[in-house]
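J.: Sequence first, predicted model second:
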Amino acid sequence: MKPLEGKTAVVTGAARGIGRAICLELAEAGANVAGIDVAMDAMEETAALVRAKGVEFLALEADVSRFEQLKDAVGRVAEQFQSPAAQRADHQHRQRRRHHGQRRAGQLLGQQGGRHRPDQDGRP
């Protein structure tokens with residue numbers, strides 16, 4: 001078993017140079033790789049070289065200096081490489097956060113469990 005087998009790495013500047021070299025080293029160690037770059041024309045060669053190592057490669061076009069582009073790219077990586085168990089855990093975590101947020105909002109409004117509770121003297 002390779003040391004990074006079953007893991008996923010995200011590499012920025014993956015189309016050429018040091019970024020490409022990092023992609024290849026990670027692939028050699030068994031990691032699936034997501035490469036992010038603005039130079040998609042050069043990314044095809046990186047993709048072929050990484051896939052030749054027997055791992056998956058996801059090429060994404062994004063300018064990492066633009067937060068929204070980077071956020072979208074990382075979201076696509078999570079969708080592509082996340083295991084079914086991790087997807088379930090992520091979904092459950094989001095559900096708990098949503099429920100906690102609703103409960104907290106009710107507490108701030110003087111409600112508990114979604115119902116209005118009058119004060120002890122009976123006033124609303």
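T.: That came through, no problem. Note that the structure is a prediction, hence the values are computed from the model and not measured.
J.: for the residue nearest the centre of the chain, phi and psi?
T.: In the chain, the residue lying closest to the centroid (CA atoms, centre = their mean) is A78, at 3.5 Å. When read as degrees, to the nearest 10, the backbone of A78 gives phi -60, psi -40.
J.: Pull out the buried positions in stretch 28-42.
T.: Neighbour counts using 16 or more other CB atoms under 10 Å place G30, A31, N32, V33, A34, G35, I36, D37, V38, A42 of stretch 28-42 among the buried residues. From N, CA and C alone the C-beta is placed, and that goes for glycine too.
J.: my guess is A27 contacts E56, does it?
T.: No - judged on CB atoms under 8 Å, A27 makes no contact with E56 at a distance of 9.2 Å.
J.: Identify the contacts common to the two.
T.: Common contact partners of A27 and E56 (CB atoms under 8 Å, 6 or more residues apart in numbering): V33.
J.: Would you mind telling me which of those two has more residues around it?
T.: Looking at A27 and E56 with other CB atoms under 10 Å, you find the greater number of neighbours at A27, namely 24 against 15.
J.: how about the strands in this protein?
T.: 8-12, 32-37, 57-61, 111-112, 115-116 (DSSP state E).
J.: measure A34 to R76 for me?
T.: Distance of A34 to R76, computed by CB to CB, to the nearest Å: 8 Å.
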